[in-house]
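**Student:** 3D model of this:
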Amino acid sequence: MNMPRVCTELSEIEYKILRNLEIVEGEDGDKLRNLLRYYLSTAPELESSKYALKRVEKRKEIDESLAEVEASYENTENPVGLWTEDKINKLTADLVEINVLIRTGENQFVPANKFRSLFKMLLHDIATETSEKDEYEAAVEAAIQLLMEFGSGSLGKETIRDGAIFITEVWMFQYANAMKKAREFKRTKKIFFSETEIAESFSSV
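**Tutor:** Coordinates of the predicted model:
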């Protein structure tokens with residue numbers, strides 16, 4: 001039986017990906033899946049300015065996902081607590097697939113180091129882009145943008161929404177909480193010193 005021959009023009013990046021087929025383990029669909037994971041894991045980290053530019057370019061998609069996340073919190077403070085075990089298992093499998101999570105044991109996962117380091121960078125950038133942005137909203141937006149980047153277009157809107165909720169609720173809100181406390185302390189310290197300076201100026205009159 002002759003195999004069908006497919007002729008198509010490849011972009012430079014598509015050609016680079018296909019050249020790696022020989023070094024990826026697996027057969028048929030598994031080989032392609034492992035190739036995707038290999039490609040995603042070796043994709044270079046972008047600079048802060050590049051992520052900022054992409055947030056502008058994908059503003060509509062990010063805002064739509066933010067709205068969907070916000071809607072999930074309308075009737076509960078913990079959407080994850082309402083999910084079935086099957087839904088969580090499917091979601092974690094999808095996030096492991098794109099190297100967002102890594103497995104550390106039986107039903108135990110943590111964010112991959114690359115994802116965690118990029119998240120902290122984006123959290124800072126997004127939270128400081130405007131004074132109106134809450135730290136927790138910034139954390140959700142950072143998670144959404146990174147899921148879009150790590151998935152390279154392979155994740156549906158529902159997976160991005162649920163993934164952002166899951167990652168922030170279980171792991172990443174601790175960074176938003178730490179940032180919020182640090183900023184509050186800085187503001188309090190600034191107020192304290194300004195009041196002290198005012199008192200000293202009055203006493204010298």
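
**Student:** how far away is the spatially most central residue of the chain from residue 132?
**Tutor:** The centre of the chain sits closest to residue 143, judged by Cα atoms, centre = their mean, with a distance of 2.6 Å. For residue 143, the distance to residue 132 (Cβ to Cβ, to the nearest Å) stands at 19 Å. From N, CA and C alone the C-beta is placed, and that goes for glycine too.

**Student:** Same check on residue 169?
**Tutor:** Remark: distance between residue 169 and residue 132 (Cβ to Cβ) = 23 Å.

**Student:** the more surrounded of these two?
**Tutor:** When residue 169 is set against residue 132 and neighbours are counted by other Cβ atoms under 10 Å, the residue ahead is residue 169, at 17 against 6.

**Student:** Touching, the more buried one and residue 80? I think so.
**Tutor:** Yes: counting by Cβ atoms under 8 Å, residue 80 is a contact partner of residue 169 at 5.2 Å.

**Student:** State the next helix or strand along the chain beyond the helix or strand hosting residue 114.
**Tutor:** Taking DSSP states H and E as the definition, one finds residue 114 inside helix 113-129. Using DSSP H and E, the helix or strand that follows helix 113-129 in sequence is helix 135-151.

**Student:** what angle do that following helix and helix 113-129 make?
**Tutor:** Calculated by axes from the mean of the first three to the mean of the last three Cα atoms, to 10 degrees, helix 135-151 forms an angle of 140 degrees with helix 113-129.

**Student:** Quick check: which element contains residue 102?
**Tutor:** Using DSSP H and E, residue 102 sits within strand 101-105.

**Student:** in that strand, what's buried?
**Tutor:** Judged by neighbour count using 16 or more other Cβ atoms under 10 Å, the buried positions of strand 101-105 are residue 101.
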